[in-house]
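> Give the three-dimensional model of this entry:
(one chain, ligands or ions: 1)
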Amino acid sequence: MDAPQRPKGLLDRIRDGETVICAEGYLFVFERRGYLTAGSYVPEVVLEHPELVRLQHEEFIHAGSDVVLAFTYYANREKMALVGREDDFERINKSALRMAREVADQTGTLMAGNISNTNLFMETVPNYREKIWQIFKEQLEWIREAAADYVVAETFSTLGEALLATQACKEFAKGLPCVVTLGICLMTVNGKPATNDGVEVCEALNRLADAGADVVGLNCARGPQTMLPILEEAVKNCKAPIAALPVTYHTTDEYPVFFDIKDPVSGEPLFPENLDSTQCNRKEIYNFGKRIQELGIKYVGLCCGNSAHLTRSLAESLGRKPPASRYTPDLDKHFLFGQDSKLALIGREDREKYSGLFSDSNNAIN
Ligand SMILES: [Zn+2]
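Numbers count the residues shown, from 1 in each chain. Predicted coordinates for the structure are as follows:
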């Protein structure tokens with residue numbers, strides 16, 4: 001059988017001014033669905049219920065993602081050991097990669113391999129650089145073997161670990177483009193957000209680009225509201241194409257990252273399992289997509305909190321009509337709000353009854 005024809009590559013698309021959408025947020029998706037534990041956040045579902053992971057890939061493509069991101073986030077040796085499954089380290093990575101490649105081939109989309117932050121980048125961990133290098137090496141070699149189209153290396157809170165990941169991509173995933181993004185940047189330097197090893201974010205992104213990252217930017221931790229100001233600075237001051245993948249929660253100046261968000265009524269922390277009450281709605285994600293376009297950002301996606309309806313809103317904000325747009329809300333056929341002539345009389349009566357409640361519905365009654 002002939003090998004499937006590969007779609008246009010990531011860097012060609014960006015060079016040609018196209019925007020690439022990458023749906024992420026798999027850990028939170030499967031935690032919500034009851035197949036993954038918040039806390040350790042190890043993607044065991046890849047081994048226990050691969051059919052669900054495959055369906056989730058397909059659902060995100062249906063909703064407008066251009067990319068199937070292999071679900072190997074936190075499938076690293078350290079995390080697998082944390083849940084007593086270090087022996088499954090190779091199997092989980094290879095399974096996730098194979099599945100992502102298959103879905104990408106079936107749907108004509110791009111497939112990205114995924115490495116991420118470890119929790120080892122600390123002076124107090126003996127030989128931490130060597131340990132992390134080894135983790136990246138193993139995962140990247142499998143990513144290359146699986147014929148990924150590019151690599152996503154993400155959620156780094158220190159420039160040091162992000163640089164290590166970038167160097168590892170160059171060394172072990174030779175020839176594959178890499179998108180490298182910073183996650184939790186809680187420090188400030190000169191009044192500006194900075195990585196947790198004290199480097200101002202734009203400076204850090206430029207250093208990642210210098211080290212060979214093809215696309216650099218931010219993912220996770222911040223929602224649209226607190227990520228956008230940093231992105232605005234980044235497009236002005238960074239030389240490489242910018243990536244923007246916020247969480248879909250209401251982060252604010254008071255709570256700039258989602259770990260901090262507190263319930264406005266009880267004052268209790270909402271991370272991780274009660275963040276639903278601060279979920280961004282579709283309109284907010286749509287508006288985020290519009291702003292991303294205005295800024296000229298060409299690599300965009302949604303991280304924790306993402307689900308298909310939000311990815312569709314993002315895609316539609318870019319003028320796309322993914323297959324899921326066939327089912328985009330159409331209130332013209334709604335019994336209260338619609339004007340479709342086929343609506344039953346009882347619907348019209350209801351609308352008259354409730355018309356005072358809906359300012360827009362008055363002209364729909366006639
Ligand atoms: Zn995230």
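
> what's around whichever residue of the stretch 51-200 of the chain sits closest to the ion, how many residues?
Among the residues of the stretch 51-200 of the chain, T155 lies closest to the ion, at 6.5 Å counting by C-beta to the ion. Just so you know, the C-beta spots here come from the backbone N, C-alpha and C atoms, and that holds for glycine as well. Applying the criterion other C-beta atoms under 10 Å, we find 24 residues in the vicinity of T155.

> Quick one: mean pLDDT for stretch 84-102?
Model confidence over stretch 84-102 averages 97 on the pLDDT scale.

> ok, and what's touching that stretch?
The set of residues external to stretch 84-102 that reach it, using C-beta atoms under 8 Å, 6 or more residues apart in numbering, is 42-44, 46-47, 50, 53-54, 57, 68-72, 75-77, 80, 111-113, 138-139, 142-143, 145-148.

> what's the answer for stretch 198-206, then?
Contact partners of stretch 198-206, identified using C-beta under 8 Å, 6+ apart, comprise 159, 162, 182, 185, 187, 189-190, 192-195, 207, 216-218, 230, 233-234, 237-240, 242.

> Now go through those residues and say which are in strands.
Using DSSP state E, the subset of these located in strands is 182, 187, 189, 192-194, 216-218, 242.

> Check the residues you listed for burial and list the buried ones.
By neighbour count, with 16 or more other C-beta atoms under 10 Å, the ones in strands among the contacts of stretch 198-206 hold 182, 187, 193-194, 216-218, 242 as buried.

> quick one, phi/psi of Q279?
phi -60, psi 130 (degrees, to the nearest 10).

> wait, what's in contact with it?
Per C-beta under 8 Å, 6+ apart, neighbours of Q279: 248-250, 305.

> With L302 instead?
When the contact criterion is C-beta under 8 Å, 6+ apart, the partners of L302 are 23-25, 245-248, 285, 310-311, 314.

> Return the subset of these lying in helices.
Restricting the contacts of L302 to those inside helices, with DSSP state H as the criterion, leaves 285, 310-311, 314.

> Which two among those are spaced furthest apart?
I285 and T311 (8.4 Å; C-beta to C-beta).

> before we move on, which element is F258 in?
In this structure, F258 is located outside every helix and strand according to DSSP states H and E.

> Only the C-alpha atoms, please, for stretch 117-136, written as CSV.
As requested, the backbone C-alpha atoms of stretch 117-136 are provided in CSV (Å, rounded to 0.1, in the frame of the first residue of the first chain):
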residue,chain,number,x,y,z
ASN,A,117,8.0,20.0,31.7
THR,A,118,9.3,17.5,34.2
ASN,A,119,9.3,18.3,37.9
LEU,A,120,13.0,17.6,38.2
PHE,A,121,14.6,20.9,37.0
MET,A,122,15.9,21.9,40.4
GLU,A,123,19.4,22.2,41.9
THR,A,124,18.3,20.0,44.7
VAL,A,125,17.7,17.0,42.4
PRO,A,126,21.1,15.2,41.9
ASN,A,127,22.1,15.2,38.2
TYR,A,128,18.8,16.8,37.2
ARG,A,129,20.1,18.0,33.8
GLU,A,130,21.3,14.5,32.9
LYS,A,131,18.0,12.9,34.1
ILE,A,132,15.8,15.3,32.2
TRP,A,133,18.0,15.0,29.1
GLN,A,134,17.5,11.2,29.2
ILE,A,135,13.8,11.6,29.5
PHE,A,136,13.6,13.9,26.5
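
> Determine if any part of it is in contact with the ion.
No: Stretch 117-136 is not in contact with the ion by C-beta under 5 Å from the ion; minimum separation 10.6 Å.

> Relative to the ion, which of the contacts of Q279 is nearest.
Of all these, the ion sits closest to G305, with 7.6 Å by C-beta to the ion.

> Give me the three-state assignment for that closest one.
Counting by DSSP: H, G, I helix; E, B strand; the rest coil, the backbone at G305 sits in coil.

> Report the contact partners of it.
25, 28, 247-249, 258, 275, 279-280.

> okay, it: pLDDT?
On the pLDDT scale, G305 is placed at 98.

> Phi and psi next, for it.
With angles defined as degrees, to the nearest 10, G305 shows backbone torsions of phi 100, psi -10.

> Give the closest residue to it in space, chain neighbours not counted.
Nearest residue to G305 in three dimensions, chain neighbours excluded: T248, at 3.4 Å (C-beta to C-beta, 6 or more residues apart in numbering).

> okay, now the one you found: neighbour count?
Number of residues near T248 (other C-beta under 10 Å) recorded here: 28.

> One more: N237?
As a burial measure, the neighbour count of N237 was computed by other C-beta under 10 Å and equals 13.

> go on, V152?
Considering only other C-beta under 10 Å, V152 is surrounded by 30 other residues.

> Remind me which helix or strand it belongs to.
Since the elements are taken from DSSP H and E, V152 ends up inside strand 150-156.

> Fine by me, thanks again.
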